[in-house]
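Asks: dropping the sequence and predicted coords here.
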Amino acid sequence: MLVDAHQHFWSLSRQDYGWLAPDMGVLYRDYQPSDLAPILVSNAVQATVLVQAAPTEAETQYLFELAHAHPFVAGVVGWVDFDALDVDRRIEALIAQGRGKLKGLRPMVQDIPDPRWLDRRELDRAFAAMSRHGLVFDALVHSTQLEVLRSRLLRHPDLVAVLDHAGKPGIEQGEFADWARDVARLARDTRAFCKLSGLLTEARGRCSLADLMPYVKHIFECFGATRVLWGSDWPVLNAVAGYADWLSQARALVGHCAKGQENNVFSHNAVSAYKLDLTRTGVDLP
């Protein structure tokens, strides 16, 4: 079984995707389950984790509607206002609305102007509520925010966290040393998982297996094969590559760096991290 641990849907008419602009080419259009379902079938992917793309609770509720209508969506990573004084109540409301589909929450940390936002004590109540309700924290951070993420996770040892897109190393610019140091510290000192996703977006023209290998090798050296999970980052992926292309590359990279552990990376780790129930999943072709 293959599980895609990171994909998105969006509808431009919602008008809550502040990052999505007309000059973004192929990304500036609606992406819906009917677009993804045939791709999943052709690549033998049975289930996905649907991740928020807008910083609104309304969008999370929209994702719940899609998840309930399409069985291949095994879980949703939504958004909540982490700064809200009533954040615990808001989280409880989303859990109820999700009817079993809410698996995690993701503030869009990379877009928040304060680089040390994650360190704010006012956020403690949000993270404590996530731990109490068994939700995963998806960490969407730039490589320069890895240390502050580590500091935050050290305060919540019971919280399950997943590092999105391997911390977004600047592959295109040849960034490695600082990212590698901070990723190693994060993996050593916390229980965080790491998503093998988004690397082609960070690599752009430097996207060959040889270009990506040092980064992927380091990811497995730090997290081990039981804490790495594969995701497509579709449709963001479409700006740089096709779904099948990235899956093929990922298979080759994992085969080299964690041979024999493919089931963990492409299925089991996502199920474990997000507590997915795959008994009712399946791709529904339009």
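Replies: Arrived safely, thanks for sending.
Asks: in the host helix or strand of Ala244, which residues are buried?
Replies: Using DSSP states H and E, Ala244 sits within helix 243-257. Buried positions in helix 243-257, judged by neighbour count with 16 or more other Cβ atoms under 10 Å: 243, 246-247, 249-250, 253-254, 257. To be clear about C-beta, it is placed using only N, CA and C from the backbone, and glycine gets the same treatment.
Asks: in a markdown table: the residues you listed, plus distance to Ser197.
Replies: Converted to a markdown table, the buried residues of helix 243-257 look like this (distance: Cβ to Cβ, whole Å):
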| residue | distance to Ser197 |
| --- | --- |
| Tyr243 | 12 |
| Trp246 | 9 |
| Leu247 | 11 |
| Gln249 | 12 |
| Ala250 | 9 |
| Leu253 | 12 |
| Val254 | 13 |
| Cys257 | 15 |
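Asks: tell me the one among those residues nearest to Arg188.
Replies: Distance to Arg188, by Cβ to Cβ, is smallest for Cys257 among the buried residues of helix 243-257, at 18.2 Å.
Asks: so what's the closest one up against?
Replies: Residues in contact with Cys257 (Cβ atoms under 8 Å, 6 or more residues apart in numbering) are 213, 216-217, 219-220.
Asks: measure the closest residue in space to it that isn't next to it in sequence to Arg227 for me?
Replies: Computed as Cβ to Cβ, 6 or more residues apart in numbering, the closest residue to Cys257 that is not its neighbour in sequence is Phe220, at 4.4 Å. Noted for Phe220: a distance of 9 Å to Arg227, by Cβ to Cβ, to the nearest Å.
Asks: the stretch 101-250 of the chain: strands as residue ranges?
Replies: In the stretch 101-250 of the chain, the segments counted as strands under DSSP state E, counting those that start in this stretch are 102-105, 136-139, 161-163, 193-196, 228-230.
Asks: in a markdown table, list those along with mean pLDDT and distance to Ile95.
Replies: Compiled in a markdown table, the strands of the stretch 101-250 of the chain are given as follows (pLDDT from 0 to 100; distance: least, Cβ to Cβ, whole Å):
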| stretch | mean pLDDT | distance to Ile95 |
| --- | --- | --- |
| strand 102-105 | 98 | 5 |
| strand 136-139 | 98 | 13 |
| strand 161-163 | 98 | 18 |
| strand 193-196 | 98 | 21 |
| strand 228-230 | 98 | 23 |
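Asks: so can I have CSV of these showing distance to Ser208 and mean neighbour count?
Replies: Formatted as CSV, these follow (distance: least, Cβ to Cβ, whole Å; neighbours: other Cβ atoms under 10 Å):
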stretch, distance to Ser208, mean neighbour count
strand 102-105, 32, 24
strand 136-139, 27, 25
strand 161-163, 24, 26
strand 193-196, 16, 26
strand 228-230, 19, 27
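Asks: among the ones you listed, which is nearest Glu59?
Replies: For the strands of the stretch 101-250 of the chain, the distance to Glu59 is smallest for strand 102-105, at 12.4 Å, taking Cβ to Cβ.
Asks: can you list the strands that that closest one pairs with?
Replies: Applying DSSP bridges, strand 102-105 is found paired with strand 73-78 (parallel), strand 136-139 (parallel).
Asks: contacts for it?
Replies: Applying Cβ under 8 Å, 6+ apart, the contact partners of strand 102-105 are 49, 60, 64, 75-80, 82, 91, 94-95, 130, 135-138, 162, 274-276.
Asks: which of the residues you listed count as buried?
Replies: 49, 60, 64, 75-80, 82, 91, 94-95, 130, 135-138, 162, 274, 276.
Asks: remind me which residues of this structure are low pLDDT?
Replies: By pLDDT under 70, the weakly predicted segments of the chain are 284-286.
Asks: how about the helices in it?
Replies: For the chain, the helices defined by DSSP state H occupy 33-42, 57-69, 87-98, 124-133, 146-154, 177-189, 199-203, 209-223, 243-257, 262-263, 269-274.
Asks: contact partners for Ala96?
Replies: Ala96 makes contact with no residue under the criterion Cβ under 8 Å, 6+ apart.
Asks: pull the number of nearby residues for Val26.
Replies: Counted with other Cβ atoms under 10 Å, residues neighbouring Val26 total 10.
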